[in-house]
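[1] 3D, please:
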Amino acid sequence: MAANTIAALDRCMAATIEYTSQRKAFGKSILDNQYVHYKLAEFQTELECVRALYYKCIDDFLAGEDVTPLATMLKLKSARLARQITDGCLQFWGGMGYTDEVIVSKMYRDLRLMSIGGGADEVMLSILCKYMGISPDMR
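    Numbers count the residues shown, from 1 in each chain. Prediction:
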């Protein structure tokens, strides 16, 4: 799930950067607005952190380690980041972002499933609490 989410978010970011660099408002591109390019840089930073965790999970799995806690964190974080990035990118598209013709609208709708499918966020948190030994039923 995380690999698909990361790939989709890469496409969402690329499409948003392209669109905001071409779309003009107040005599300059949307991307030239400091808030927009700073926010996109922040999104990219978060996305790279999730990608690094994904690679760590793969390395640990191949080394024969139990990756359940890390994989759970990865699923939780990538799903939440998908909601955050798609919402932010949709905002930069303005009304156009809410139409069926653009990829960001589809991703906004479809990537929401990542926090539900394969275990809801709350299930992921419950698993993590058990691994951390802080679940009430384990004390």
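[2] in the longest helix anywhere in the chain, what counts as buried?
    When secondary structure is assigned using DSSP state H, the longest helix within the chain turns out to be helix 34-62. Judged by neighbour count using 16 or more other CB atoms under 10 Å, the buried positions of helix 34-62 are Val36, His37, Lys39, Leu40, Phe43, Glu46, Leu47, Val50, Arg51, Leu53, Tyr54, Cys57. C-beta: built from backbone N, CA, C; applies to glycine.
[3] Skip ahead from it and say which helix or strand is next.
    Going down the chain from helix 34-62, the next helix or strand is helix 68-93, by DSSP states H and E.
[4] so where is this protein shaky, pLDDT-wise?
    Counting by pLDDT under 70, the chain has low-confidence residues at 139.
[5] rerun at 90
    Within the chain, the stretches falling below the threshold (pLDDT under 90) are 1, 96-98, 100-101, 117-119, 137-139.
[6] before we move on, the earlier item: can you put the buried residues of helix 34-62 in JSON lines and add distance to Thr72?
    Putting these into JSON lines (distance: CB to CB, whole Å) gives the following:
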{"residue": "Val36", "distance to Thr72": "33"}
{"residue": "His37", "distance to Thr72": "33"}
{"residue": "Lys39", "distance to Thr72": "28"}
{"residue": "Leu40", "distance to Thr72": "28"}
{"residue": "Phe43", "distance to Thr72": "23"}
{"residue": "Glu46", "distance to Thr72": "18"}
{"residue": "Leu47", "distance to Thr72": "19"}
{"residue": "Val50", "distance to Thr72": "13"}
{"residue": "Arg51", "distance to Thr72": "17"}
{"residue": "Leu53", "distance to Thr72": "11"}
{"residue": "Tyr54", "distance to Thr72": "13"}
{"residue": "Cys57", "distance to Thr72": "10"}
